[in-house]
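>>> below: sequence and its predicted model.
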Amino acid sequence: MSSYVELPIGIGLIPCDTLIEDRLTGKKTLVGIIGSIRVAKFPCIYPSFHLLVSLTSGNGNYPCTLEVVSESRNTVIFSGKGNLKFTDPTQVIDLVFVLKRIHFNYPDTYWIKFSVDGEPLMTRPLRVSLMEPPEDSISPPSASAEE
């Protein structure tokens with residue numbers, strides 16, 4: 001058991017297309033916040049997305065885990081581990097992850113899960129589904145011959 005008393009508080013778990021960080025100020029800009037992904041076919045490999053995990057109120061060192069889990073099959077399609085180090089409970093730590101080449105084999109709700117010291121801290125759903133065909137590709141109904 002570690003020397004800390006309680007777990008940090010999660011203040012944000014946000015997937016987006018791109019995350020830009022200003023090198024001078026450290027300010028982050030999230031572009032294209034993702035709530036769902038539509039793909040042309042399954043299985044698919046999604047090229048990449050960024051994930052911002054923001055935490056505060058920690059004190060000391062914590063092991064952490066990020067996972068993406070299929071809801072219907074309860075299978076982990078991505079997993080990564082690391083460590084957090086808080087020097088002060090008022091500190092805000094922003095972790096930036098770039099998830100590349102994620103395999104989505106079927107339509108589902110996938111849960112993005114961030115855990116600290118084995119305890120779930122934050123989760124967020126990500127729905128992955130098939131794209132709808134464009135409306136102009138659907139044939140209009142046939143005209144009836146009744147007159």
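It's in.
>>> what residues are up against residue 109?
Applying CB atoms under 8 Å, 6 or more residues apart in numbering to residue 109 gives the contacts 71-72, 125-128. C-beta here means a position set from N, CA and C on the backbone, and glycine is covered the same way.
>>> which members of those are positioned in helices?
Taking DSSP state H, every one of the contacts of residue 109 sits outside helices.
>>> for these, which one is nearest residue 18?
residue 126 (16.4 Å; CB to CB).
>>> what is the neighbour count of that closest one?
Look at residue 126: counted by other CB atoms under 10 Å, it has 21 neighbours.
>>> confirm for me that it is in contact with residue 110.
Yes: taking CB atoms under 8 Å as the definition, residue 126 is a contact partner of residue 110 at 4.7 Å.
>>> ranges for the strands of the chain?
Taking DSSP state E as the test, the strands found in the chain are 9-21, 28-33, 36-39, 44-56, 60-70, 76-86, 92-104, 108-116, 119-130.
>>> just give me how far the fourth one sits from the chain centre.
In terms of CA atoms, centre = their mean, to the nearest Å, the centre of strand 44-56 is set 5 Å apart from its chain centre.
>>> between that strand and strand 28-33, how many degrees?
Using axes from the mean of the first three to the mean of the last three CA atoms, to 10 degrees, the inter-axis angle of strand 44-56 relative to strand 28-33 is 140 degrees.
>>> where in the chain is pLDDT low?
1-5, 136-147 (pLDDT under 70).
>>> which phi and psi values does the residue nearest to residue 106 when sequence neighbours are not counted adopt?
Leaving aside its sequence neighbours, residue 106 sits nearest to residue 42 (CB to CB, 6 or more residues apart in numbering; 5.4 Å). Dihedral angles of residue 42 (phi, psi; degrees, to the nearest 10) stand at phi -120, psi 150.
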